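Undergrad: predicted model and sequence below, questions to follow.
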Amino acid sequence: MNIRTLLDQRLGEVISAIAGEPCDALVNVSSKPQFGDYQANGCMAAAKRAKTNPRAFAEEVLKKIDLSDIADSLEIAGPGFINIILRQDFLEAQLATMATTDALGCELAGEAQTVVVDFSSPNLAKEMHVGHLRSTIIGDALGRVLEFLGHSVIRQNHVGDWGTQFGMLLNYMNETGGETTTLANLEEFYRASKQRFDEDEAFATTSREMVVKLQSGDADCKAAWQQFLDISLGHCQTAYDRLGVKLTKDDVRGESFYNDDLPIVVKDLDTAGLLKESDGARGVFLDEYRNKDDEPLFVIVQKSDGGYLYATTDLAAMRFRTGEINAQRILYVTDSRQGDHFAQVFLIAQRAGFVPEHVSLEHVPFGMMLGDDGKPFKTRAGGTVKLMDLLDEATTRAGDLVTSKNPGITDEARETIAAIVGIGALKYADLSQNRASDYVFAWDKMISLDGNTAPYMQYAYARIRSIFRKAASNADLGAIVLGEPQERALGNKLLQFAEAVDAVARSAMPNVLCSYLFELAGAYMSFYESCPVLKDDVAPETRASRLALCDLVARTIQTGLGLLGIETLEQM
RNA sequence: GCGCCAGUAGCUCAGCUGGAUAGAGCAGCGGUCUUCUAAACCGCAGGUCGUAGGUUCGAGUCCUGCCUGGCGCGCCA
């Protein structure tokens, strides 16, 4: 049950009826406690359209509306706000309902959709580096949230497995005997082959021939290529597993998959009357975009030498995703620099009829990871930071912290906690930022575990679990009664979980869920300080009520962090 | 030259379709541990929301100009 939506509907009907046209009630969580639990802001706008006094309009609304089953009081304030205080027994009943299901009050807003989430998409010629982190974890979180709401999520790892560089790599693999051991360090392997390519003209020539052979389907070449991909994908899978990202081999559908479709894309564009030629290249002119000379932009889909480009592959993928997968919504989780590119290929795809009108194409852009100097995040030597090294450092730092907080701990427990806390902190630091902006990566901030961090939530969870361990067999849950102000605040916050999850699904902004969880954990910490659960002087029914609240908070934090791909711990 | 994104507290950032006195977290200052885990809690202080106009009952949010930073702009992805 999404209370905000409920109020929006109930008030919206009345406001619309009075105004004589459809109006939005604009219900939101109140900006301040003295304004009640929720506030409706829609009367001012509706009154304006109906050309009446907003306060008088709001009074009319209060006269007509019956919210007695939900709200204790409705008050008009300021120019025409309606402040809503919910009934305590309504909140208690809602919490009881919320506790009965794993969905914790979340429900499908409309029809279930088939949603393609295109994310991670590393170039398999090299090892994964920090540049792939944001796409991977943001896309993973979005996939989990949409799935949680009942949508059918198709993950697509659009890996780079088909560029000219593969000729170079295959050639070098042949030269070095194709031993898999030499591929243990992909980065080094790439560097070495690149060096050969740049220094030896003969090598470069055979490399180019290798590409042609590969793309024309030569069996030996294809086998070697497949072997290379398997190894590279293995590296990726190790990273995904350590990150706790739900991506497997089955989700991989790389550029090569669309190879046979590329000529068809060009042909279809021609059929649609969109294809033009310019300087020997073929492509589509877009009036909406201008080039440097203020002429319509030419988006090339086939080079003058006959080769295809990434716009072609993306168009082929769109055709496949709507035609074969039947997607109704497609999310592209890539960095914001590709914004223009996607806007352009979306336009072409719609114009060419590759994507029906009802399908939503959404670029989900994110900013760059910067170092604390404000420049792109690099190693001290200025090189690319490997993803694996980043994960290692996160767990090492978390491990050191565990040791300092809890010196007596066994090595085994330490490692488990370090992995979950370290990886969780790393992912949360990223997810909690508005993805649109560049983000300054700072180990100390992230791993200091203070403030709005994953460990703060993990700690709140562990504290609750500790209570249940202590209560042992005497931990029966009772009916929730929101007696104390902290209990009411906590209960209210719990019921907003569905609102937060809905907002993430709609806007593709995981940071909304992070903010929610931080507020929830904060409300719990305040509750924890002022409302004893297991102390001797707590009445049995109060104890049972608070245990039920604790349980629901624990489940919400665990589920919420789970939607972000972050694990919880019984003890920290 | 054109386009996209950003500019909010000392630092890092929130701010949902325009709503009431702009919020957090760090850092700073001051309180709270014979503890249901202090990785915590409570309080104080900190602001011309880049800038100049405009739209209106109301603007951090919408429009226009300007300034600053980042990114992109036909045969790489």
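TA: Okay, I see it. Numbers count the residues shown, from 1 in each chain, chains lettered A, B, ... in the order given.

Undergrad: you'd agree residue A:520 is up against residue A:493?
TA: Yes. Between residue A:520 and residue A:493 there is a contact at 5.1 Å, judged by CB atoms under 8 Å. To be clear about C-beta, it is placed using only N, CA and C from the backbone, and glycine gets the same treatment.

Undergrad: longest strand in chain A, please.
TA: Assignment by DSSP state E gives strand A:281-290 as the longest strand of chain A.

Undergrad: what about that one, average pLDDT?
TA: Averaging pLDDT along strand A:281-290 gives 91.

Undergrad: mind giving me the packing neighbours of it?
TA: Applying 3 or more CB pairs under 8 Å, 6 or more residues apart in numbering; DSSP states H and E, we find strand A:281-290 packed against strand A:275-278, strand A:296-302, helix A:339-352.

Undergrad: among those, which is nearest RNA strand B?
TA: strand A:296-302 (2.8 Å; CB to the nearest atom of the strand).

Undergrad: for that closest one, packing partners?
TA: So strand A:296-302, by 3+ CB pairs under 8 Å, 6+ apart, packs with helix A:262-271, strand A:275-278, strand A:281-290, helix A:310-323, helix A:339-352.

Undergrad: pick the most buried one from the ones you listed.
TA: helix A:310-323 (a mean of 23; mean count of other CB atoms under 10 Å).

Undergrad: show me what the host helix or strand of residue A:208 is in contact with.
TA: Residue A:208 belongs to helix A:201-215 when assigned by DSSP states H and E. By CB atoms under 8 Å, 6 or more residues apart in numbering, the list of residues contacting helix A:201-215 from outside reads A:162, A:164, A:166-168, A:170-172, A:175, A:196-198, A:221-222, A:225, A:259.

Undergrad: got a PyMOL select line for the buried ones in these?
TA: Buried residues among the contacts of helix A:201-215 (16 or more other CB atoms under 10 Å), as a PyMOL selection:
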select buried, chain A and resi 162+166+167+168+170+171+172+196+197+221+222+225
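
Undergrad: one step back: how about CSV for the helices and strands packed on strand A:296-302, with distance to RNA strand B added?
TA: Below are the helices and strands packed on strand A:296-302 laid out as CSV (distance: least, CB to the nearest atom of the strand, whole Å):
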stretch, distance to RNA strand B
helix A:262-271, 11
strand A:275-278, 5
strand A:281-290, 3
helix A:310-323, 4
helix A:339-352, 4
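
Undergrad: can you pull the contacts of residue A:159?
TA: Contacts of residue A:159 (CB under 8 Å, 6+ apart): A:120-124, A:233, A:236, A:252, A:254-255.

Undergrad: most widely separated two among those residues?
TA: A:236 and A:255 (15.0 Å; CB to CB).

Undergrad: walk me through the domains of chain A.
TA: A:3-86, A:114-159+A:255-369, A:165-233, A:390-563 (automatic domain parsing).

Undergrad: buried residues, stretch A:208-219. List them.
TA: A:210-211, A:213-215.

Undergrad: can you tell me which of these is closest to residue A:369?
TA: Among these, and counting by CB to CB, the member closest to residue A:369 is residue A:211, at 32.0 Å.

Undergrad: measure residue A:164 to RNA strand B for me?
TA: 7 Å (CB to the nearest atom of the strand, to the nearest Å).

Undergrad: for the closest residue to RNA strand B within chain A, grab phi and psi.
TA: In chain A, no residue comes nearer to RNA strand B than residue A:451, which is 1.9 Å away by CB to the nearest atom of the strand. Here is the backbone geometry of residue A:451 (degrees, to the nearest 10): phi 70, psi -140.

Undergrad: swap in residue A:56?
TA: phi -60, psi -40.

Undergrad: show me the contacts for it.
TA: Neighbouring residues of residue A:56 by CB under 8 Å, 6+ apart: residue A:47.

Undergrad: ditto for residue A:325
TA: A:114, A:116, A:154.

Undergrad: which of the contacts of residue A:159 lies closest to residue A:418?
TA: Distances from residue A:418 to the contacts of residue A:159, taken by CB to CB, are shortest for residue A:236, at 22.9 Å.

Undergrad: if we can go back for a sec, sitting in helices, which of the contacts of helix A:201-215 do you find?
TA: Taking DSSP state H, the ones among the contacts of helix A:201-215 that sit in helices are A:166-168, A:170-172, A:175, A:196-198, A:221-222, A:225.

Undergrad: what's the farthest-apart pair in those?
TA: Longest span within the ones in helices among the contacts of helix A:201-215, CB to CB: A:198 and A:222, 25.9 Å.
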